[in-house]
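Undergrad: Pasting the sequence and the predicted coordinates here, then a few questions.
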Amino acid sequence: MEDNIVKFLAYNGRIAITCAETTMLVEKARNTHDLSPVATAALGRLLTMGVIMGSDLKSEKDNITLQIKGDGPIGRMVAVVNKNLQIKGMVENPQVDAPLNEFGKLDVGGVVGYNGYVNVIKDIGLKEPYIGVIPISSGEIAEDFARYFTESEQTRSAVALGVLVDKNGVKKAGGYLLTAMPDATDEDITKIEKSIFEAGAISKMLDDNLSLLEIAKKVTGDKNVKVIQTDMHQMYISKIQAQDVKYSTYSFFNAISSGNVQLVDLFLKSGMSPDATFMSTPAIYMAIASNQNEVVKLLLENKVDPNKEIAGLTPLIIAIKKKDAQIVETLIAYGADVNKQASYINPLSYAIKKKQPKIVEVLVKAGARPDNEVLINALKCNDSYIKETVLKRYKEMD
């Protein structure tokens, strides 16, 4: 049977279901990327999810990017699909191997990992792409996307994805997405839950040569499902490189300001410069101004200069201005010069002016050298701890 994707309605339109067979697609991916069996199963599930979601795109310019980044040995997986169901995919470690799981199946969850995130970016012609990020639930991919639809799109959904691999390659692959409409009844949901349980694995149904219509009837429990769309575009697979995944600077800065470390990391790994600017503001300045210490660390790990001066300010001065001792410590740990003046602003003097004893202590411990002017400012300060700290450091320098 050739690959196909068909949309149905069940229970008089109260339940929508999209069923797909992707055997040829996943087999092409296996050959293209020289995938191990478990990597075939993992990427095959993601590609199947991609074409199911891509089948809802309306415009020729629309596309969806799916990414899974867990803590397992397979690393990052990405799929990008357009309206015509032309799909690109990549897996960071295509030769990953793992023992079978406790049920004697390929351990997709084990190689994906149980900690990390699922990221969905929909570029559908709006001013900015829609971005949804949720934590990994199980690493099995279908459960993770079911959670995505529930939490990010607020739809009651069931997802099944399966890849059956034998010694000759991909024997069967496919999946379905079942969505309850707002008028779906509790009785409808109960019937469907029972039917899904009784239907079993999607790969087994495909291996038993059930048609997509028969699968739709079986998982919904409705013998009168209606076909609403079929004979959709053929699916294509090609390689994708990380740099093929593009994001806007605006979205990058939104991720920075909200402290979404995982999404910022995704942007950086997909080619966004850690020195990117938005409205003349460097990324690290935005992270500091938003008090996002973990994002600051990530940018510094990506070789951002902690001493770069912009508009008369350094990252250290901005951190002091924001009264964030933790970020001050982070900047120093990554090489910020505690004695570097920016537009004649001395970091220690500025911390005294801002009446920040903790920051003064951090700067002094890191080697800040108070000159006579800084000493005078400290002695004028009404904070006794600042006075004592600076005076002690001044005497040590004699």
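TA: Done, it's in.
Undergrad: From Leu161, how far off is Leu206?
TA: Using CB to CB, to the nearest Å, we find Leu206 at a distance of 11 Å from Leu161. (Glycine included, C-beta is placed from N, CA and C.)
Undergrad: sorry, that was for Val225
TA: 20 Å.
Undergrad: Of those two, which one has the most company?
TA: Set Val225 next to Leu161 and count neighbours by other CB atoms under 10 Å: Leu161 wins out with 31 against 22.
Undergrad: Surely that one touches Arg45?
TA: Yes - if you go by CB atoms under 8 Å, Leu161 and Arg45 touch, sitting 4.0 Å apart.
Undergrad: tell me, what's touching those two both at once?
TA: Here Leu161 and Arg45 have 141-142, 175 as joint contacts, going by CB atoms under 8 Å, 6 or more residues apart in numbering.
Undergrad: ok, those residues vs Thr23, which is closest?
TA: Gly175 (11.3 Å; CB to CB).
Undergrad: That closest one is in contact with Met49, isn't it?
TA: Yes - if you go by CB under 8 Å, Gly175 and Met49 touch, sitting 6.6 Å apart.
Undergrad: Report the set of residues contacting both of these two.
TA: Listed contacts common to Gly175 and Met49 are 142, 159, 161; contacts here mean CB under 8 Å, 6+ apart.
Undergrad: any idea how far the residue lying closest to Glu60 once chain neighbours are set aside is from Glu193?
TA: Distances taken as CB to CB, 6 or more residues apart in numbering place Lys83 nearest to Glu60, at 5.7 Å, with adjacent residues excluded. Using CB to CB, Lys83 is found at 32 Å from Glu193.
Undergrad: got it, and Asn84?
TA: Here the criterion is CB to CB. By it, Asn84 lies 34 Å from Glu193.
Undergrad: CA atoms only: put the helix or strand where Gln326 lies into PDB for me.
TA: Using DSSP states H and E, the element containing Gln326 is helix 325-333. Provided in PDB are the C-alpha atoms of helix 325-333 (Å, rounded to 0.1, in the frame of the first residue of the first chain):
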ATOM      1  CA  ALA A 325      24.100  40.100  42.500                       C
ATOM      2  CA  GLN A 326      23.700  36.600  41.000                       C
ATOM      3  CA  ILE A 327      24.200  37.900  37.500                       C
ATOM      4  CA  VAL A 328      27.100  39.900  38.600                       C
ATOM      5  CA  GLU A 329      28.700  36.700  40.000                       C
ATOM      6  CA  THR A 330      27.900  34.900  36.700                       C
ATOM      7  CA  LEU A 331      29.500  37.700  34.600                       C
ATOM      8  CA  ILE A 332      32.600  37.600  36.800                       C
ATOM      9  CA  ALA A 333      32.900  33.800  36.500                       C
END
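Undergrad: got a list of contacts for that helix?
TA: 288, 291, 293, 296-297, 300, 306, 315-316, 319-320, 338, 356, 358-359, 362-363, 366.
Undergrad: Mind checking which of those residues land in helices?
TA: Within these, residues falling in helices by DSSP state H are 288, 293, 296-297, 300, 315-316, 319-320, 358-359, 362-363.
Undergrad: Any chance of a ChimeraX selection covering the buried ones in the residues you listed?
TA: Only the buried entries of these go into this ChimeraX selection, using 16 or more other CB atoms under 10 Å:
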select :288,293,296,297,300,315,316,319,320,358,359,362,363
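Undergrad: Identify the farthest-apart pair in the ones in helices among the contacts of helix 325-333.
TA: Leu300 and Lys358 (20.6 Å).
Undergrad: List the strands paired with the longest strand seen in the chain, with their directions.
TA: Identified as the longest strand of the chain according to DSSP state E is strand 169-180. Looking at strand 169-180 with DSSP bridges, its partner strands are strand 15-21 (antiparallel), strand 157-166 (antiparallel).
Undergrad: quick one, which of these is nearest to Phe252?
TA: Evaluated with CB to CB, the strands paired with strand 169-180 place strand 157-166 nearest to Phe252, the distance being 29.0 Å.
Undergrad: List the contacts of the closest one.
TA: 26, 37, 40-41, 44-45, 48-49, 106, 141-143, 145-146, 149-150, 170-180, 192, 196, 201-204, 206-207, 219.
Undergrad: of those residues, buried ones?
TA: By neighbour count, with 16+ other CB under 10 Å, the contacts of strand 157-166 hold 26, 37, 40-41, 44-45, 48-49, 106, 141-143, 145-146, 149, 170, 172-180, 192, 196, 202-203, 206-207, 219 as buried.
Undergrad: Could you give the number of residues near Pro357?
TA: Pro357, neighbours per other CB under 10 Å, totals 18.
Undergrad: do the same with Pro306
TA: Counted with other CB under 10 Å, Pro306 comes out at 21.
Undergrad: which residues sit in contact with it?
TA: Neighbouring residues of Pro306 by CB under 8 Å, 6+ apart: 284, 300, 314-316, 331, 334-336.
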